[in-house]
Structure formats: C-alpha cells, structure tokens
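> Got a predicted model here, sequence first, then my questions.
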Amino acid sequence: MRWLDTGNMQNKADGTICGYTANKTLKRCYDCICTDTWICNTTFCGADAACDGKTPGDSCAGGICNSTCNCVALAQPEITTYAPESAVNDSRGATRAFNITIDQPVNVSWQINGSIVLTNCSVTKASYTNTSAVIGTWNVSAIVTNANGTDMQTWTWTVTSPCFIATAAYGTPLHADIDVLRDFRDEYMMTNPGGKAFVNAYYTLSPPIADLIRDNEGLGVAVRAGVVKPAVQITKRFVG
C-alpha cells in the first residue's frame with residue numbers, strides 16, 4: 001500500500017483519489033485535474049478552506065475566490081476620476097458641483113471643513129452640489145469607504161466677493177469683460193500671497209465706491225471707459 005519510486009514519472013490515472021476538501025469530500029483525478037464537481041475546494045488541491053463550496057468570483061472571508069480557488073483580499077477602493085480640478089475658485093453665491101468615480105462600490109461621506117454635508121451608500125459614482133457659496137476658503141472632501149479600505153479626494157475651494165467696481169460700472173455681473181477680470185483674479189492673483197492681499201484689500205475698499213458708481217450713470221460710463229476697459233485689455237494678455 002506504499003508508493004515505490006521506480007524513477008518513472010507519469011500522470012495519475014483518471015479516478016485516482018488525489019486528496020480531499022476542507023469538509024472531507026474526496027477528490028479524484030479527471031483529465032489530469034484533481035476534481036469532481038468543479039466547485040472550489042473540489043477542483044484544485046491547493047484551494048483555501050474559505051472558498052470551500054464556492055465558485056471563482058464568489059466572496060470569501062474578507063476577499064474573493066480567485067481562479068485557483070484561493071481567497072484573496074480585494075485592493076482598497078480607489079477614486080479613479082474627479083472633477084473639478086483643485087483648487088476651485090468661485091464668487092459668493094455661486095453654485096458648484098463636485099464629482100467622483102470609484103473603481104468598486106463604496107459608501108461616500110462628503111465633508112466641508114470636517115463636517116458631513118451628504119452621504120451616498122453603495123455607489124461607484126457620487127456628486128455633491130453646493131448652491132450658496134459663502135465667502136471663505138473651504139476644504140471639500142469626498143471620503144470613500146468599504147470593507148477593503150478607504151480613499152479620499154479633497155478640493156480647496158476659495159469663495160470671494162464678486163468684482164464690485166467693474167460690476168457696478170457695467171450694471172451686470174454677466175458682461176464678458178468681467179469674466180476676463182475674474183479669470184485673471186483666479187488664475188494669477190489668488191495663487192500667490194501678494195495677489196491675495198491685493199484682492200482682499202480691493203474687496204474691503206470697493207463696496208462704497210461701487211455704490212457711488214451705481215447711483216451715477218455718468219460716473220459709471222467714465223469708470224468703464226477709463227478704468228475697467230484698460231484693465232481688461234491688460235489682463236487679456238495673460239488670460240487670453
């Protein structure tokens with residue numbers, strides 16, 4: 001009843017008992033494969049006990065049964081895409097949407113400066129929209145979590161006051177020249193300490209001047225032609 005080493009190597013014959021599963025089910029060789037029902041732990045002699053009775057792809061203890069019926073842990077979730085790019089700059093009262101895509105189902109916790117504002121359950125895409133931007137600098141975070149781990153995306157969101165003097169001179173915040181000034185502010189002024197200091201000073205000093213412009217049509221025309229238009233022509237060289 002013992003194997004004898006004769007120096008010859010050959011496959012075991014079909015039907016030869018070649019092992020047993022974690023629950024003691026006998027396995028036999030068929031077509032040179034140790035199998036009986038093609039279910040994990042009856043298909044491969046090296047299968048994990050956690051995959052016993054399962055098929056590849058089924059979940060097991062903290063993971064998934066792979067093609068060789070071994071229980072392997074899934075990689076932690078990953079945020080594969082997000083929008084917009086950080087940093088984000090808006091004017092007070094703006095509506096801003098933040099979006100993420102994840103490579104596996106997760107729960108999502110949306111937070112602003114550490115306070116939860118929205119949760120999503122078992123999703124691979126999620127979004128948060130703020131409809132009333134308040135002046136300040138905010139950290140907007142999307143924290144994704146499931147049994148496999150955690151990932152996070154954080155945006156730095158800076159909300160400032162609108163262009164007071166330019167808006168008053170044109171009588172609307174929607175003029176294309178004002179968009180140029182805003183772009184210059186966001187792309188150049190708000191990206192360095194000196195520029196931020198200038199913008200903050202401007203927002204402190206400009207409201208009473210803007211009030212005067214709104215109440216005097218002639219002054220508005222003069223400021224538009226003599227101040228705002230030249231400023232727009234200069235900034236266009238930087239922001240296209």
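Yep, that arrived.

> okay, CA-based contacts and neighbour counts for the rest of this
Will do.

> Regarding this structure, what is its longest helix?
Under DSSP state H, the helix in the chain containing the largest number of residues is helix 193-215.

> can you give me the strands for the chain?
Here the chain has its strands, by DSSP state E, at 17-20, 26-30, 33-35, 59-60, 63-65, 71-72, 79-83, 88-91, 96-112, 115-130, 136-146, 149-160.

> got a markdown table for these, with mean neighbour count and distance to Asn192 too?
Output for these, formatted as a markdown table (neighbours: other C-alpha atoms under 10 Å; distance: least, C-alpha to C-alpha, whole Å):
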| stretch | mean neighbour count | distance to Asn192 |
| --- | --- | --- |
| strand 17-20 | 16 | 69 |
| strand 26-30 | 19 | 70 |
| strand 33-35 | 22 | 67 |
| strand 59-60 | 19 | 51 |
| strand 63-65 | 21 | 47 |
| strand 71-72 | 20 | 48 |
| strand 79-83 | 15 | 23 |
| strand 88-91 | 19 | 14 |
| strand 96-112 | 19 | 23 |
| strand 115-130 | 15 | 26 |
| strand 136-146 | 20 | 14 |
| strand 149-160 | 18 | 13 |
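
> Figure out which of the ones you listed is closest to Asp186.
For those, the distance to Asp186 is smallest for strand 88-91, at 6.2 Å, taking C-alpha to C-alpha.

> pLDDT averaged over the closest one - what is it?
Mean per-residue pLDDT for strand 88-91: 80.

> Just the C-alpha atoms of it, please, in PDB.
Provided in PDB are the C-alpha atoms of strand 88-91 (Å, rounded to 0.1, in the frame of the first residue of the first chain):
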ATOM      1  CA  VAL A  88     -11.500  75.800  -7.100                       C
ATOM      2  CA  ASN A  89     -12.400  79.500  -7.200                       C
ATOM      3  CA  ASP A  90     -15.900  80.900  -7.200                       C
ATOM      4  CA  SER A  91     -17.700  84.100  -6.300                       C
END
